[in-house]
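1. no FASTA, just this:
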């Protein structure tokens, strides 16, 4: 297959300057160091690691919300740098993000209609207000919310519903690529399963590509196709999900896997036999 | 059978709200044996944390109040105590660690000051002794350079280190029962594993009992001897951990298990429990789980289920297992129940927007 991957990252690094005195040499904190990976179209790549491992920083650079210190990000085979101005802004339409905390990521002063149509207005999707409204209703249906939600404000919804609104907002501009930054870690298990089902269904229906940033390895095992394990800004191990889970090479990966409190094997067996 | 260290009987904690009385904890009963770990699991809004706060009588007043019930600690009812008598119990026989270690430490005092105060306030040690013990305590929770930590302020430590200090503080007076409310939720997985191992180790050393509140069934499997599953202010299932994990009986417990994502589930839809926990001002009148239950029938909406003892150590609140309910269908086997839940996951039913005034802090 010679198809260009949707996204390719080459030797990406990010350093942040630390506070320094007038006569002191500049000091740097390296958050991401020489990270390279490829995300094929329609697949899910998971970045896992502890907090401070640089996984969210990678996500922000991919979204063009943070400039890399060095390295290159190729979107549909073309580097970010070669796109400027309006072309670059248009790219932002194709890349969206869903954050961890649906209590913080939605604007409390905008009702759901405003939240969902703002992106459409910016990116000139939909000819007029009526058309945009129609699209907003359809988006709500796609995330299993009813049209009456349009008039409501974020505080009127539960965490799971807010996360659905955040997903609908991301979908409102017809993206190809979505960064999911811990999208279910603030949710209860029963709600988490609803959101994960939804994400899988949307990926199927729209051929979306996901970058999944998380430290929850159970979710990675369920949703991702391949995994990059990050430690202190570097990728220490990468591979298909089964490779990483069944045969971890790095001590750090093994430590992460052992740290997941896993269920009684008997229960696991039972679950497996009920789902042939 | 020896008497349990803690026995809670029909505990009810209510709140006055603009929407009426919120019955956050509504008839909760369970017991904790000395040296054992009881886990309370359930979704947010089920009354887990409020149960723990009620035990310490730290329910936010004046809106909240303990309506009734008994909290027998070593055979004596804690609810008979005055506020001042309770102060002697808190932090001494009954200690608590909270989810967010940043907000539960005082930012303007050094950790040393706070640790020493925890001991001197109860008169379990003089100042000099307390200072010495503070170092030992920090060593026990495996903090490197304890001398230095004692001089530091909470903001200078990482989340994992702060939680270790909280544990040290909770253990300072050798409590008989430790209440741990989501002790690792704010922490990274590897740190979480360390903290849980540490808790278990310290428990074996000191012989204290632990009441662990969590929504993570993985943590329950790792830590607990006994599990109480809470839903809508009530305990719906209570059984030894092994038994509960091998054969969960209550439809809610089964739903919780079935909705866990695992690698073996990849490529398939996860089972879901439709809907959300109802408002505590407005619990369903009969069975509180009925609106979301995949196994419900007419009776469930009419009669509230009793808290049954199906086996000597297995307690359940469900009509499916009640011999006094004449029209009950055969309880589905675990396999059948899982299949039903899974097909529910496939048909994503629209969820109407419901106002949610209850936001977890």
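-> On my side now, so go ahead. As the structure is a prediction and not an experimental result, all values here were calculated from the model. Numbers count the residues shown, from 1 in each chain, chains lettered A, B, ... in the order given.
2. C-alpha from now on. contacts and neighbour counts both.
-> Will do.
3. count of residues packed around residue 192?
-> Since you didn't name a chain, this refers to chain A. 23 (other Cα atoms under 10 Å in any protein chain shown).
4. you answered for a different chain; I wanted chain B.
-> Neighbour number of residue B:192 under other Cα under 10 Å is 21.
5. doesn't it fall inside a helix?
-> Yes - assigned with DSSP: H, G, I helix; E, B strand; the rest coil, residue B:192 falls within a helix.
6. ok, it to residue A:212 distance?
-> 21 Å (Cα to Cα, to the nearest Å).
7. and what of residue B:238?
-> Distance from residue B:238 to residue A:212, counting by Cα to Cα: 36 Å.
8. local confidence estimate at the closest residue to chain A within the stretch 101-250 of chain B?
-> The nearest approach of the stretch 101-250 of chain B to chain A comes at residue B:218, 4.6 Å away (Cα to the nearest Cα). Looking at residue B:218, its pLDDT is 84.
9. for residue B:195, same thing?
-> 86.
10. how about the contacts made by it?
-> Applying Cα atoms under 8 Å, 6 or more residues apart in numbering or on different chains, we find residue B:195 in contact with B:160, B:164, B:184.
11. format those as JSON lines; extra columns: secondary structure, pLDDT and distance to residue B:113.
-> Shown next, in JSON lines, are the contacts of residue B:195 (DSSP: H, G, I helix; E, B strand; the rest coil; pLDDT from 0 to 100; distance: Cα to Cα, whole Å):
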{"residue": "B:160", "secondary structure": "helix", "pLDDT": "83", "distance to residue B:113": "20"}
{"residue": "B:164", "secondary structure": "helix", "pLDDT": "88", "distance to residue B:113": "16"}
{"residue": "B:184", "secondary structure": "coil", "pLDDT": "84", "distance to residue B:113": "24"}
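12. next, format these as TSV and append neighbour count and distance to residue A:38.
-> Converted to TSV, the contacts of residue B:195 look like this (neighbours: other Cα atoms under 10 Å in any protein chain shown; distance: Cα to Cα, whole Å):
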residue	neighbour count	distance to residue A:38
B:160	20	34
B:164	24	40
B:184	24	34
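13. any regions of the stretch 1-150 of chain A where pLDDT drops low?
-> A:1-2 (pLDDT under 70).
14. how about the residues of it by chain B?
-> A:50, A:51, A:141, A:144, A:145, A:146, A:148, A:149 (Cα under 8 Å from any Cα of the partner chain).
15. tell me the two of those that are most distant?
-> A:50 and A:148 (39.6 Å; Cα to Cα).
16. got a list of what residue B:33 touches?
-> B:3, B:4, B:5, B:6, B:209.
17. you'd agree residue B:300 is up against residue B:293?
-> No - between residue B:300 and residue B:293 there is no contact, the gap being 9.4 Å when judged by Cα atoms under 8 Å.
18. where do the strands sit along the stretch 1-150 of chain A?
-> A:7-17, A:28-39, A:44-48, A:70-75, A:78-79, A:95-98 (DSSP state E, counting those that start in this stretch).
19. cool, and the stretch 51-200 of chain B?
-> B:64-73, B:76-77, B:94-97, B:177-181.
20. tell me the mean pLDDT over the shortest one?
-> Per-residue pLDDT values across strand B:76-77 average out to 93.
21. show me where the stretch 51-200 of chain B has its helices.
-> For the stretch 51-200 of chain B, the helices defined by DSSP state H, counting those that start in this stretch occupy B:83-89, B:101-104, B:111-120, B:127-140, B:146-151, B:159-171, B:189-206.
22. comparing these, which comes out most buried?
-> Burial of the helices of the stretch 51-200 of chain B is given as mean neighbour count (mean count of other Cα atoms under 10 Å in any protein chain shown); helix B:159-171 ranks first at a mean of 25.
23. so which elements touch that one?
-> strand B:94-97, helix B:101-104, helix B:111-120, helix B:127-140, helix B:189-206 (3 or more Cα pairs under 8 Å, 6 or more residues apart in numbering or on different chains; DSSP states H and E).
24. now the first one, how far from the chain's geometric center?
-> Translated: strand B:94-97. Offset of strand B:94-97 from its chain centre (Cα atoms, centre = their mean, to the nearest Å): 13 Å.
25. what do you get for the fourth one?
-> Computed by Cα atoms, centre = their mean, the chain-centroid distance of helix B:127-140 equals 29 Å.
26. and the contacts of that helix?
-> In contact with helix B:127-140 (Cα under 8 Å, 6+ apart) are residues B:112, B:115-116, B:119-120, B:146-147, B:150, B:164-165, B:168-169, B:171-172.
27. mind running it again at 7 Å?
-> Here helix B:127-140 makes contact (Cα atoms under 7 Å, 6 or more residues apart in numbering or on different chains) with B:115, B:116, B:119, B:120, B:146, B:147, B:165, B:168.
28. then the first one?
-> With Cα under 7 Å, 6+ apart as the test, strand B:94-97 has contacts from B:166, B:167, B:170, B:175, B:176, B:177, B:178, B:179, B:180, B:181, B:183.
29. residue B:300 and residue B:293: which is more packed in?
-> Under the criterion of other Cα under 10 Å, the comparison of residue B:300 against residue B:293 puts residue B:300 first, with 22 against 19.
30. phi, psi for that one please.
-> When read as degrees, to the nearest 10, the backbone of residue B:300 gives phi -60, psi -30.
31. surely it meets residue B:287?
-> Yes - using Cα atoms under 7 Å, residue B:300 is in contact with residue B:287, at 5.6 Å.
32. is it fair to say residue B:287 lies in a strand?
-> No - under three-state DSSP, residue B:287 sits outside any strand and is assigned coil.
33. for the nearest residue to it once chain neighbours are set aside, helix, strand, or coil?
-> Leaving aside its chain neighbours, residue B:287 sits nearest to residue B:304 (4.8 Å; criterion: Cα to Cα, 6 or more residues apart in numbering or on different chains). Under three-state DSSP, residue B:304 falls in the coil class.
34. could you dump the residues of the stretch 1-150 of chain A next to chain B to TSV with neighbour count?
-> Listed next are the residues of the stretch 1-150 of chain A next to chain B as TSV, based on neighbours: other Cα atoms under 10 Å in any protein chain shown:
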residue	neighbour count
A:50	20
A:51	16
A:141	16
A:144	21
A:145	22
A:146	17
A:148	13
A:149	21
